[in-house]
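[1] Model the structure of this input:
(2 chains)
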Amino acid sequence: AQSVAQPEDQVNVAEGNPLTVKCTYSVSGNPYLFWYVQYPNRGLQFLLKYITGDNLVKGSYGFEAEFNKSQTSFHLKKPSALVSDSALYFCAVRDGGKLIFGQGTELSVKP
Amino acid sequence: DGGITQSPKYLFRKEGQNVTLSCEQNLNHDAMYWYRQDPGQGLRLIYYSQIVNDFQKGDIAEGYSVSREKKESFPLTVTSAQKNPTAFYLCASSIGLPDTQYFGPGTRLTVL
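    Numbers count the residues shown, from 1 in each chain, chains lettered A, B, ... in the order given. Purely as a prediction, here's the structure:
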């Protein structure tokens, strides 16, 4: 079965510093990977996805993710964090006709 | 959240009552999904539907029921058989089953 893991429950960064939110995956075959963000009491918003092609995927709000097949990782990155980036971030992998989500990582960006 | 509406935003239920959560989309998407979100557990799939009049159980379907009579609508009923229904419920849709899912704003259900 396909799965993803987000090893950090919480990530703290200072505004202006680069941020990384980690995700590792376990799949049979080629992975279809996604990142979503959730603000408090809201639905999830799609950020980006990897299906095939370039290992560096660019998405919404200045986020990007790096697909690394040898390390089975799909880490979310942003060069300069904003306080408004503070939210809950989910990594997901396609499993047939559905998505399997990680547990989520709470990102806190302090001024 | 654009294009997918969920109502109500907050819902309170007494034990033993069935309640129905509404999900409507105007994106002309074929596939629709229901998830349950609990703190620290991520999202868990309840039911999903690829086309009208067809749906499949997800990982935690017990105590829930759905219908898909129209392409735009995918209501979820939380029955009295669901032992711990207090949670945040999210509806999503996608063009097809393996595609990017877009989420509604959610309904927070509390059992009193």
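[2] For chain A, list the residues in contact with chain B, please.
    With C-beta under 8 Å from any C-beta of the partner chain as the criterion, chain A comes near chain B at residues A:9, A:32, A:34, A:36, A:41-46, A:49, A:90, A:94, A:96-99, A:101-104. All C-beta spots, glycine's among them, are computed from the backbone N, C-alpha and C.
[3] Check the offset of the helix or strand where A:Val57 lies from the chain's centre.
    Assessed by DSSP states H and E, A:Val57 sits inside strand A:56-58. Strand A:56-58 sits 11 Å away from the centroid of its parent chain (C-alpha atoms, centre = their mean, to the nearest Å).
[4] Could you spell out the sheet neighbours of that strand, each with its direction?
    Looking at strand A:56-58 with DSSP bridges, its partner strands are strand A:64-68 (antiparallel).
[5] what about the most centrally placed residue in chain B, helix or strand, and which?
    Chain B has B:Trp34 as the residue nearest its centroid, 3.1 Å off, counting by C-alpha atoms, centre = their mean. Applying DSSP H and E as the criterion places B:Trp34 in strand B:31-37.
[6] how about that strand, does it reach chain A?
    Yes - contact of strand B:31-37 with chain A (C-beta under 8 Å from any C-beta) involves B:Ala31, B:Tyr33.
[7] for the helix or strand just after that strand, what is the average pLDDT?
    Under the assignment DSSP H and E, the closest C-terminal helix or strand after strand B:31-37 is strand B:43-49. Averaging pLDDT along strand B:43-49 yields 95.
[8] May I have strand B:43-49 as CSV, with CA atoms only?
    Taking Å, rounded to 0.1, in the frame of the first residue of the first chain, the C-alpha atoms of strand B:43-49 are listed here in CSV:
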residue,chain,number,x,y,z
LEU,B,43,-7.5,13.2,6.9
ARG,B,44,-9.3,9.8,6.6
LEU,B,45,-11.5,8.9,3.6
ILE,B,46,-15.1,8.1,4.4
TYR,B,47,-16.7,7.6,0.9
TYR,B,48,-15.9,8.6,-2.6
SER,B,49,-17.8,8.7,-5.9
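[9] Which neighbouring elements make contact with it?
    strand A:98-101, strand B:31-37, strand B:56-57, strand B:64-66 (3 or more C-beta pairs under 8 Å, 6 or more residues apart in numbering or on different chains; DSSP states H and E).
[10] helices or strands next to the helix or strand just after the last one in the packing?
    Just to be clear, that refers to strand B:64-66. Next along the chain after strand B:64-66, taking DSSP H and E as the criterion, comes strand B:76-78. With contacts taken as 3+ C-beta pairs under 8 Å, 6+ apart, strand B:76-78 sits against strand B:19-25, strand B:64-66.
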